[in-house]
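# okay, structure incoming, though there's no sequence with it:
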């Protein structure tokens, strides 16, 4: 009996497809693929940091109302 459910199999298939696409985009070179993923991750982390700062400043200036339920 398999330990993975059909939902997990579909997620794994999507992940495996994404992995294959990333490797193919880098011409099959694993080091280039890893390098590209690290660069993309650093970019996304920087963007998230900038968004957090922007929301924090807007929140402290009273531009956002808190949810009171």
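Perfect, I can see it now. Source: prediction; values computed, not measured.

# so which elements touch the longest helix seen in the chain?
Across the chain, the longest stretch assigned as helix under DSSP state H is helix 30-60. When contacts are defined as 3 or more Cβ pairs under 8 Å, 6 or more residues apart in numbering; DSSP states H and E, helix 30-60 sits against helix 6-25. (Glycine included, C-beta is placed from N, CA and C.)

# show residues contacting the helix it packs on.
Defining contact as Cβ atoms under 8 Å, 6 or more residues apart in numbering, one finds that helix 6-25 is touched by 4, 30, 33, 36-37.

# how about 7 Å then?
With contact meaning Cβ atoms under 7 Å, 6 or more residues apart in numbering, helix 6-25 is reached by 30, 33, 37.

# quick one: the longest helix of the chain to helix 6-25, angle?
Helix 30-60 runs at 110 degrees relative to helix 6-25, counting by axes from the mean of the first three to the mean of the last three Cα atoms, to 10 degrees.

# how many residues are close by residue 23?
15 (other Cβ atoms under 10 Å).

# do the same with the one 10 residues further on
Neighbourhood size, residue 33 [other Cβ under 10 Å]: 17.

# I'd say it and residue 27 touch.
No - in this structure, residue 33 is not within contact of residue 27 by Cβ atoms under 7 Å, at 9.0 Å.

# coming back round to it: report the buried residues of the longest helix of the chain.
By 16 or more other Cβ atoms under 10 Å, the buried positions in helix 30-60 come out as residue 33.

# any idea how far it is from the middle of the chain?
Centroid displacement of helix 30-60 relative to its chain, using Cα atoms, centre = their mean, to the nearest Å, is 9 Å.

# stretch 27-41 now?
Here the centre of stretch 27-41 is set off from its chain's centre by 15 Å, with Cα atoms, centre = their mean.

# and residue 20, what pLDDT?
At residue 20, the pLDDT value in this model is 96.

# no wait, residue 13
Here the pLDDT value assigned to residue 13 is 85.

# separation between it and residue 34?
Using Cβ to Cβ, to the nearest Å, one obtains 22 Å as the distance from residue 13 to residue 34.

# swap in residue 17?
Applying Cβ to Cβ, the value for residue 17 to residue 34 is 18 Å.
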